[in-house]
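Colleague: Okay, predicted coordinates and the sequence, questions at the end:
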4 protein chains.
Amino acid sequence: MSSTIGKIFSVTTFGESHGSCIGAVIEGCPSGLEIGEQNIELQLARRRPGQGSLCSTRNEPDNVRIVSGVEAGLTLGSPIALIIDNKDKRTADYVDFANIPRPSHADFAYRSRYGISSASGGGRASARETAARVAGGAVAEKYLQDRHGVDIVAWVSAVSNVESADISVDTVTRADVDASEVRCPDLSSAKAMAAMISGVAEAGDSVGGVITCVCRNVPAGWGEPVFDKVDAMLASAVLSIPACKGFEIGSGFSGTCMRGSEHNDMFVMKGSRLGTGTNRSGGVQGGITNGEPVIFRAAFKPVASIRLPQHTVDYDGKSVVLEIKGRHDPCVLPRAVPVVEAMAAIVLADMARRRG
Amino acid sequence: MSSTIGKIFSVTTFGESHGSCIGAVIEGCPSGLEIGEQNIELQLARRRPGQGSLCSTRNEPDNVRIVSGVEAGLTLGSPIALIIDNKDKRTADYVDFANIPRPSHADFAYRSRYGISSASGGGRASARETAARVAGGAVAEKYLQDRHGVDIVAWVSAVSNVESADISVDTVTRADVDASEVRCPDLSSAKAMAAMISGVAEAGDSVGGVITCVCRNVPAGWGEPVFDKVDAMLASAVLSIPACKGFEIGSGFSGTCMRGSEHNDMFVMKGSRLGTGTNRSGGVQGGITNGEPVIFRAAFKPVASIRLPQHTVDYDGKSVVLEIKGRHDPCVLPRAVPVVEAMAAIVLADMARRRG
Amino acid sequence: MSSTIGKIFSVTTFGESHGSCIGAVIEGCPSGLEIGEQNIELQLARRRPGQGSLCSTRNEPDNVRIVSGVEAGLTLGSPIALIIDNKDKRTADYVDFANIPRPSHADFAYRSRYGISSASGGGRASARETAARVAGGAVAEKYLQDRHGVDIVAWVSAVSNVESADISVDTVTRADVDASEVRCPDLSSAKAMAAMISGVAEAGDSVGGVITCVCRNVPAGWGEPVFDKVDAMLASAVLSIPACKGFEIGSGFSGTCMRGSEHNDMFVMKGSRLGTGTNRSGGVQGGITNGEPVIFRAAFKPVASIRLPQHTVDYDGKSVVLEIKGRHDPCVLPRAVPVVEAMAAIVLADMARRRG
Amino acid sequence: MSSTIGKIFSVTTFGESHGSCIGAVIEGCPSGLEIGEQNIELQLARRRPGQGSLCSTRNEPDNVRIVSGVEAGLTLGSPIALIIDNKDKRTADYVDFANIPRPSHADFAYRSRYGISSASGGGRASARETAARVAGGAVAEKYLQDRHGVDIVAWVSAVSNVESADISVDTVTRADVDASEVRCPDLSSAKAMAAMISGVAEAGDSVGGVITCVCRNVPAGWGEPVFDKVDAMLASAVLSIPACKGFEIGSGFSGTCMRGSEHNDMFVMKGSRLGTGTNRSGGVQGGITNGEPVIFRAAFKPVASIRLPQHTVDYDGKSVVLEIKGRHDPCVLPRAVPVVEAMAAIVLADMARRRG
């Protein structure tokens, strides 16, 4: 069941880049929720390629069909199935390197696992699969918003060594994020990031970066002790996104250099509720939310598909120079923003439903 | 089932710091494996408090009893149950702050989750629970070693801003790690780390750091696509350790500053197998191992329990100055080393068994 | 995740009777297995309505599309997604009783669970969902046959009080079963059963019965101790089929009247392997297969949808006489045969894969 | 994780007949529930051997220790661990037949599964494991009673061919059940059953029977669609009890002989709620409760351990006459009553908690 995430609110994705469609099955969504294709397509549009000069030119309009679980615009409580057709397949792009494992791709690992290779662009490892996550996440988000007022916003906080200035986690909106093509709400940094991506693209190379995500209005008391801690589940969900290599919550790696007396979040009254003056915990203590914003960061490596020639070996051990054509993003970060939001939404929806 | 980790090779932990015992139930361990209490106690001894001048003085010898699943020194294939008695309980230490949520502890979050509080040292959130993980991990490790030759070594690579010099991931041993009390195989850094911990301890404060872990001889082809990727499962397992705030695999956060052309791990022949010349992927590609060492890093925040007075509020919102007595480590890192190894072993054992 | 069955070899179904399609996601299927749409459609054809005079006249040709996980006729090891379009929808048939919970249907229970009702023929409770099970089961069966030589045959052993003569569990084939429209290999009983079904259909009524299933060549040693016993998993899988009200393995309810000395299956040599002289255990002992044929029986109640007027009350408690039109089977048994086979195949495939 | 049952309210059992202890870990139990050892020991006492002339003389007082999750008599919401010491072990009883697979026991199947055998009375397959189920079930039952008013009563409705007269499912109590040693509330049948068991015991043989269970005041709307139906989960839970060979809900196998027009449960008003006039559905429709009593029956085969000599073969295929000494029940039914209640309670508690 490695294609399923979540225990009560769960999402199962299916399909591949080069089949006829991909999709998602969502379980545990409460009934009576107003939802339509348009709620889902809003986020799909933010993930789709071909959005501007910084993206792959593969053109997928990504319309979604709700094939079960919703009637007259309301969820029935029973499982929801969503289908997104694949409209722009070009298998031919991948034929050339059928015998060459692409460096830092899943090709070689998949062949080691399964003893067989897909000739078609990575199979389940393809980034195309993330559209199904975004669709499932949009349903999770609708539930979190309508029933709990939870509000999730992610943005690009670094592209390579170009870092965003501090962003106010209390007020930043998706409109702020979408104000730049690169999805960094600090517009001056956004400009520098865009310039860097363009330069890298021209050079036939790729570049990585960091996405920061804040989940606001998450009530205190969501999460589980021991293994299914909110932060552990977020880490797992985020690391399962292709190209993600790191996760940190709250103070994360930089918090390791602080003293306990600096790092501890002292309690204070915030109106009638107990809050903390600082939020180095990132909204999670002992694996359970404490009512402060949940804040985490995800590291994305530079995209493995590059136009520059690569000196590697084929499956027979013969030296080859690989030149990948196809259509690939020089930087996956702007399009990964809604994917990160989706993973956060799915984890929080599950935690909300698991409270029992 | 938040106290269970793993799908086929799984570990369920039970018990709390201040009950009569803690324990673990291990399922999916193959039969015919030679195992005895001594295999488990070796790792328990590395985790237990009171090992030296840098640790809590709570004294738990941590003997383990195997109560099922093993006969005449051989695993039966059926579930293995392990029990570790709690010998040194001091509930009184915790009575003082029954009405004060300790800053950056689980107290407030647990009360929000469950509407009730344990008066006894954190309940399931207590670090005591990690002894059960270490016991389960020791069984996982025995299986991985005996059947697959897998070799796992973790060490302290940073205490606050004192970083270890580069350690050879191919050759470092547990003996190297245990050569210093602080468990850093770079002995000169180890000395500086120990000095820092002592200074912080004297000041009644605490300090965090980073643990690096390498898993050698993991065959190519372990792992699952989509959500249950090896790196995602490792991230979840590691983040579920108390005080852990970050995880990165391979190049992690620093890899975000590289170009794709620098970051990609080119394939080369290593004897008769395909390997990679560099290992920025950290041994995992597309969620599945590629035969290179699996390398990850875990960030631990400074321990929340400090002797220094803390200005906070109680559950009624009244300002208080909290002074925690009890017995606490100024730095959890040295004792967390076998816990990190245990979590890695449990995840890899599950992946080995899930291959089917 | 109530739409998923199985832990390693798992099947998730999606879709409803009156949406655009239904489907299944199959995980844990080994790679390199030859499979095509035709393998699946063979069993779908046995389940589909409109097969003869004894069935609903709803006409669903039930072509399946494999949209992921199979390439060039071979499974890739990654998840397999299957889609079956719904071609013959008639929502109008159900409009009349939107405010009347149909007796012994899921309508009232669903509304109690979800606070809302589907107007469209039962939603996920519709028998249409079982086509997705049959599709998933066909993949499980292909794996079991090709890799383990397992052979599964189910048949109608009773329609109401008309019972089949003894059938040889060692030799009965699907051809024998399909020799009669009613799917009872004892042709003389089949004739009596068909007559009974026709009579009941004419009267606007419905009738139940029993399906027996044998799984041959299942190796000894499949299954799990404690809760996930083979027989427990079979019971759960079979009871999850709509209209199923009972399950028994081996001697079942009739075995309760025997003495231990009669009931115990004495061991004997069968060629070079240890077998049992009798098979009252039904091939399972202690939850694990013993190498003898796995034999179980499933009880199906009479279909709840009948043409005869029913005196009941609507959701407001008002007395009504309900007359259901639509297209319904007078007896679900013949079409349930491949569904029972599918559930057995999914459970056994999971057990095979869980052996590790 | 085959030792775990339930998704949100879950019970993991551990230990074996001949280790130092057995136990259970219960997760998902709400906080603030009053519970003490005495609540659990009440049901353990009904399961323990040595209760009277009809039982094994093995003497286990079965005291339970709550080692986590409960403080000051209240559940904390975090996992509850329970331990029951094994006080009366006699491994020697089992040494004689180390090389003989006992007929209709798990010995041979376990050895096929694991390639190794326990010399100690069946390992996890031992009926001793059911004490841990009863302990976990007692916690489930306390939750169901205190929070939902659910009331569960099981009784022996048949011993071999001696059947109980009809029992009123609406009024029967545990006191009624315990009025006879054989646990049949129809005292005249109870007498005949006891006589039969005594006769069989004297002959060194064993006998099976049927247990009926009713769960009253279960609200409408508990359960899940598709695979995790209440009846499917009950079937699985009940079939996982050692010696259970069959399960039926509501009309079960006898309902297969009815017409739909007789079998359908017409809706009627019961006070202000919608109920059904008859209850052939057994309180479950479409896998979800409908507010009527949940009624099911479980078939138990005659105990496999008998004193009479058995002509069988050993693992080497050599003919042997097996004479089992040890201490065994001639009829497991009276002691299985609380085990059946426990399994029902665990399933219903999970369904209650999964409602979200």
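Modeller: That came in fine, so what should we check first? Numbering: from 1, shown residues only, chains lettered A, B, ... in the order given.

Colleague: Please, where are all the helices along the stretch 1-150 of chain A?
Modeller: A:37-47, A:92-95, A:107-114, A:130-148 (DSSP state H, counting those that start in this stretch).

Colleague: and the longest one, which residues are buried?
Modeller: Just to be clear, that refers to helix A:130-148. A:130-145 (16 or more other C-beta atoms under 10 Å in any protein chain shown). From N, CA and C alone the C-beta is placed, and that goes for glycine too.

Colleague: related to what we said a few turns ago, ok, of the helices of the stretch 1-150 of chain A, where does mean pLDDT dip lowest?
Modeller: Lowest mean pLDDT within these: helix A:92-95, a mean of 52.

Colleague: Stretch A:4-12 near chain B anywhere?
Modeller: Yes. Contact of stretch A:4-12 with chain B (C-beta under 8 Å from any C-beta of the partner chain) involves A:4-5, A:7.

Colleague: Among these, which one has the most neighbours?
Modeller: Ranked by the number of neighbours (other C-beta atoms under 10 Å in any protein chain shown), the residues of stretch A:4-12 next to chain B place A:Ile5 first, at 26 neighbours.

Colleague: who does it bridge with?
Modeller: With DSSP bridges as the criterion, A:Ile5 is bridged to A:Val11.

Colleague: gap between it and D:His263?
Modeller: 41 Å (C-beta to C-beta, to the nearest Å).

Colleague: and stretch A:337-352 with chain B, contact?
Modeller: No. On the criterion C-beta under 8 Å from any C-beta, stretch A:337-352 is out of touch with chain B, staying 9.5 Å away.

Colleague: hang on, the earlier thing: reformat the helices of the stretch 1-150 of chain A as a markdown table; add distance to chain B.
Modeller: Output for those, formatted as a markdown table (distance: least, C-beta to the nearest C-beta, whole Å):
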| stretch | distance to chain B |
| --- | --- |
| helix A:37-47 | 17 |
| helix A:92-95 | 15 |
| helix A:107-114 | 3 |
| helix A:130-148 | 9 |
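
Colleague: Same list (those helices) but as a markdown table, adding distance to B:Leu74.
Modeller: Shown next, in a markdown table, are the helices of the stretch 1-150 of chain A (distance: least, C-beta to C-beta, whole Å):
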| stretch | distance to B:Leu74 |
| --- | --- |
| helix A:37-47 | 52 |
| helix A:92-95 | 49 |
| helix A:107-114 | 30 |
| helix A:130-148 | 44 |
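
Colleague: Quick check: which of those helices is nearest to chain D?
Modeller: Nearest to chain D among the helices of the stretch 1-150 of chain A is helix A:130-148 (10.6 Å), distances taken as C-beta to the nearest C-beta.

Colleague: Skip ahead from the closest one and say which helix or strand is next.
Modeller: Next helix or strand after helix A:130-148 toward the C-terminus (DSSP states H and E): strand A:151-159.

Colleague: Okay, now the sheet partners of the next helix-or-strand element following that next one, with direction.
Modeller: Downstream of strand A:151-159, the first helix or strand assigned by DSSP H and E is strand A:162-163. Its sheet considered, strand A:162-163 pairs with strand A:151-159 (antiparallel) by DSSP bridges.

Colleague: now the partner strand against helix A:130-148, angle please.
Modeller: 140 degrees (axes from the mean of the first three to the mean of the last three C-alpha atoms, to 10 degrees).

Colleague: starting at the chain centroid, how far to the longest helix belonging to chain A?
Modeller: Criterion DSSP state H: the longest helix present in chain A is helix A:333-354. Centre-to-centre, helix A:333-354 and its host chain are 7 Å apart (C-alpha atoms, centre = their mean, to the nearest Å).

Colleague: Could you do stretch A:184-202 as well?
Modeller: 20 Å.

Colleague: near chain B at all, that stretch?
Modeller: Yes. Looking at stretch A:184-202 against chain B by C-beta under 8 Å from any C-beta, the contacts come from A:Val200.

Colleague: In contact with the residue of the stretch 51-200 of chain A found nearest chain B, which residues are there?
Modeller: Per C-beta to the nearest C-beta, A:Ala106 is where the stretch 51-200 of chain A lies closest to chain B, at 2.3 Å. With contact set as C-beta atoms under 8 Å, 6 or more residues apart in numbering or on different chains, A:Ala106 has these partners: A:122-123, A:125, B:225, B:285-288.

Colleague: Neighbour-wise, which one of the residues you listed leads?
Modeller: B:Gln285 (32 neighbours).

Colleague: Next one: it relative to D:Ala109, how far apart?
Modeller: Counting by C-beta to C-beta, the gap from B:Gln285 to D:Ala109 is 40 Å.

Colleague: Quick check: residues of the stretch 201-350 of chain A near chain D?
Modeller: Counting by C-beta under 8 Å from any C-beta, the stretch 201-350 of chain A sits next to chain D at A:225-226.

Colleague: can you list the weak-confidence ranges in the stretch 201-350 of chain A?
Modeller: A:326-327 (pLDDT under 70).

Colleague: ok, which stretches of it are helices?
Modeller: Under DSSP H, counting those that start in this stretch, the stretch 201-350 of chain A gives helices at A:230-239, A:260-263, A:333-354.

Colleague: Tell me which of these is the most buried.
Modeller: helix A:230-239 (a mean of 30; mean count of other C-beta atoms under 10 Å in any protein chain shown).

Colleague: Is any residue of that one near chain C?
Modeller: No. Between helix A:230-239 and chain C, judged by C-beta under 8 Å from any C-beta, nothing touches; the nearest distance is 14.9 Å.

Colleague: Report the inter-axis angle for that helix versus helix A:333-354.
Modeller: 140 degrees.

Colleague: Indicate whether helix A:230-239 makes contact with chain B.
Modeller: Yes. Applying C-beta under 8 Å from any C-beta, one finds helix A:230-239 in contact with chain B at A:231-239.

Colleague: Over to stretch A:264-281?
Modeller: Yes. Contact of stretch A:264-281 with chain B (C-beta under 8 Å from any C-beta) involves A:264-269, A:274, A:276, A:280-281.

Colleague: which one among the residues you listed gets closest to B:Val321?
Modeller: Taking C-beta to C-beta as the measure, B:Val321 sits nearest to A:Met266 out of those, at 10.7 Å.

Colleague: ok so, going back, among the contacts of A:Ala106, which pair sits farthest apart?
Modeller: Among the contacts of A:Ala106, A:Gly123 and B:Gln285 lie farthest apart (C-beta to C-beta), at 13.2 Å.

Colleague: Now the residue of the stretch 51-200 of chain A closest to chain B: closest residue in space, sequence neighbours ignored.
Modeller: Closest residue to A:Ala106 apart from its sequence neighbours, by C-beta to C-beta, 6 or more residues apart in numbering or on different chains: B:Gly286 at 2.3 Å.
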